[in-house]
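# Mind folding the following:
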Amino acid sequence: MLFLGAPVLYAVLIGSVYQKGKVVEMPIVVVNEDSGPMSETFIDMLNDNESVHIARILPSLFNSKDVAIDHEATTIVHIPRNFSADVQQSRLPEITIFVDGANTLTSNTAMMAVNIVATTMKAGVLIQSQMKKGVPEYIASQQFEPFKTTIVRQNIRSGNYLYFMLPGVLITVLQQVLLLGLALSFSTEFEKNTFGELVSRMSNPFGLILVKVLPYLLMSVGILVFYWLMSFYYKVPLHTDFWWFILCTFVFILAASLIGILVSIAIPSQLKATEILMVVATPAFILSGFTWPSSLMPSWVQWIADAIPTTHYLRIYRMLFVQQADLYHTYRPLIILSIICAVCLFFSVLLLFIKMRKSRKNQLAE
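Have a look, this model is predicted:
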């Protein structure tokens, strides 16, 4: 089943992830301080571009960064006050495009789409105004621009692929190590028929789970310290709220560990438990939305991605270290990680209680 099923599963899954083949409908935020006819035309032209869609239109720049993060918007377009009047009076107003470089692929796509719309509008406005003055069209098309566009790149550290890819890959590897290591935690006991002895020493299912998880939590601390030292060697900037990051990391490690525990209890075979978690862990980075936008994936793929801890932890990492977002932006992925922990712990305890009860009955029967 693994040999035949995994290639088919990955072909369908990864094919569905990249099904659209190009980045389209990337959310952007428009700050319109003008509300004149020119700005409305510009907004309509943005709506007509397939590469972007306007997630929100704001009256001012105040809180626009937070709104953009909430909507996962990579670009903020600022249309200044009196933009329409200044264009008509040849005062050369300026549209500013703030580009969030946290993901090079999506930010470049959105920036190019907005820039194309601005360039097209410039040409149209200029040609029409010059032609009204009697200037031939071919001469009008070569005149100066009616307004300026300025691109401001933010969070550009992701432009360095070392800063962008290394942490994402290392986090995915950490999850895979936890899953595969804990896949053997209880399945080994079942295969070697030592589960009864374990139950006789520890009768509490919570205690049994803690005994299995605690060594991996402690080893994870060592791995994270090593990653931290690597950041100094490779000069990767890591600046954020330390204790909040520690809390998010602990919940992530606990979620991955409890998934491994649950599968290990449910599948009493070392080989089968390992194979199942390999199937889960292998496409985790692709499904996480770290490089390819999750909004472009089919809904059923997003549901699978949301069940994998890496998806939410990489979002937390990007917000804290790349986008320098406020802590409250990480509440949602942290809550989802906590839900994964609670669900896996509940079913782990339930299955473990059933198997412990069965083991005691077998011991009494003997």
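# Residue 6: what's it in contact with?
Neighbouring residues of residue 6 by Cβ atoms under 8 Å, 6 or more residues apart in numbering: residue 279. C-beta: built from backbone N, CA, C; applies to glycine.
# Make sure it is indeed in a helix.
Yes - under DSSP: H, G, I helix; E, B strand; the rest coil, residue 6 sits within a helix.
# Give me the below-cutoff pLDDT ranges for the protein.
1-2, 104-105, 122-147, 155-160, 237, 363, 365-366 (pLDDT under 70).
# any idea how far the residue nearest the centre of it is from residue 171?
By Cα atoms, centre = their mean, the chain has its centre lying nearest to residue 315, at 3.9 Å. In this view, residue 315 and residue 171 are 11 Å apart by Cβ to Cβ, to the nearest Å.
# One more: residue 187?
Distance, residue 187 to residue 171, using Cβ to Cβ: 25 Å.
# just residue 16 next, same as before
23 Å.
# Can you mark which positions in stretch 278-293 are buried?
Using 16 or more other Cβ atoms under 10 Å as the test for burial, stretch 278-293 gives 280-290, 292-293.
# for it, how far is the first residue from the last?
Using Cα to Cα, to the nearest Å, the end-to-end distance of stretch 278-293 comes to 24 Å.
# coming back round to it: which one of the buried residues of stretch 278-293 is nearest to residue 87?
residue 293 (33.4 Å; Cβ to Cβ).
# got a list of what residue 26 touches?
Per Cβ under 8 Å, 6+ apart, neighbours of residue 26: 51-53, 73-75, 106, 109-110, 113, 293.
# go on, residue 162?
With Cβ under 8 Å, 6+ apart, residue 162 has these contacts: 234, 236.
# Quick one: the buried residues of stretch 278-293 as CSV, columns for distance to residue 229 and secondary structure too.
Shown next, in CSV, are these (distance: Cβ to Cβ, whole Å; DSSP: H, G, I helix; E, B strand; the rest coil):
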residue, distance to residue 229, secondary structure
280, 29, helix
281, 25, helix
282, 28, coil
283, 29, coil
284, 25, helix
285, 23, helix
286, 28, helix
287, 29, helix
288, 25, coil
289, 28, coil
290, 23, coil
292, 30, coil
293, 32, coil
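# Tabulate those residues in a markdown table, adding columns for distance to residue 238.
Listed next are these as a markdown table, based on distance: Cβ to Cβ, whole Å:
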| residue | distance to residue 238 |
| --- | --- |
| 280 | 28 |
| 281 | 25 |
| 282 | 27 |
| 283 | 27 |
| 284 | 22 |
| 285 | 20 |
| 286 | 24 |
| 287 | 25 |
| 288 | 19 |
| 289 | 21 |
| 290 | 17 |
| 292 | 24 |
| 293 | 25 |
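# My read is that residue 51 contacts residue 20, right?
No - between residue 51 and residue 20 there is no contact under Cβ atoms under 8 Å: 11.4 Å.
# Between the two, point out the one with more neighbours.
residue 51 (19 against 14; other Cβ atoms under 10 Å).
# distance of that one from residue 277?
Taking Cβ to Cβ, one finds residue 51 at 38 Å from residue 277.
# With residue 243 instead?
Distance, residue 243 to residue 277, by Cβ to Cβ: 30 Å.
# Okay, domains of this structure per the record?
With domains defined by automatic domain parsing, the chain comprises 20-154, 160-365.
# Tell me which of these lies nearest to residue 3.
domain 160-365 (10.1 Å).
# about what we covered before: who has more neighbours, residue 16 and residue 171?
Set residue 16 next to residue 171 and count neighbours by other Cβ under 10 Å: residue 171 wins out with 24 against 15.
# what residues are up against the more buried one?
For residue 171, the contacting residues are 310, 313-314, 317, by Cβ under 8 Å, 6+ apart.
# Which of the residues you listed fall within helices?
310, 313-314, 317 (DSSP state H).
# Show me where the protein has its strands.
Along the chain, counting by DSSP state E, strands occupy 26-32, 52-58, 75-79, 94-100, 148-154.
# Between the ones in helices among the contacts of residue 171, identify the one with the most neighbours.
Busiest of the ones in helices among the contacts of residue 171 [other Cβ under 10 Å] is residue 313, holding 28 neighbours.
# Distance-wise, check it relative to residue 203.
Where residue 203 is concerned, residue 313 sits at a distance of 34 Å (Cβ to Cβ).
# do residue 88 as well
For residue 88 relative to residue 203 (Cβ to Cβ), the value is 82 Å.
# And the two? Which one has more around it.
Counted by other Cβ under 10 Å, residue 88 and residue 203 do not tie: residue 88 has more neighbours, with 14 against 10.
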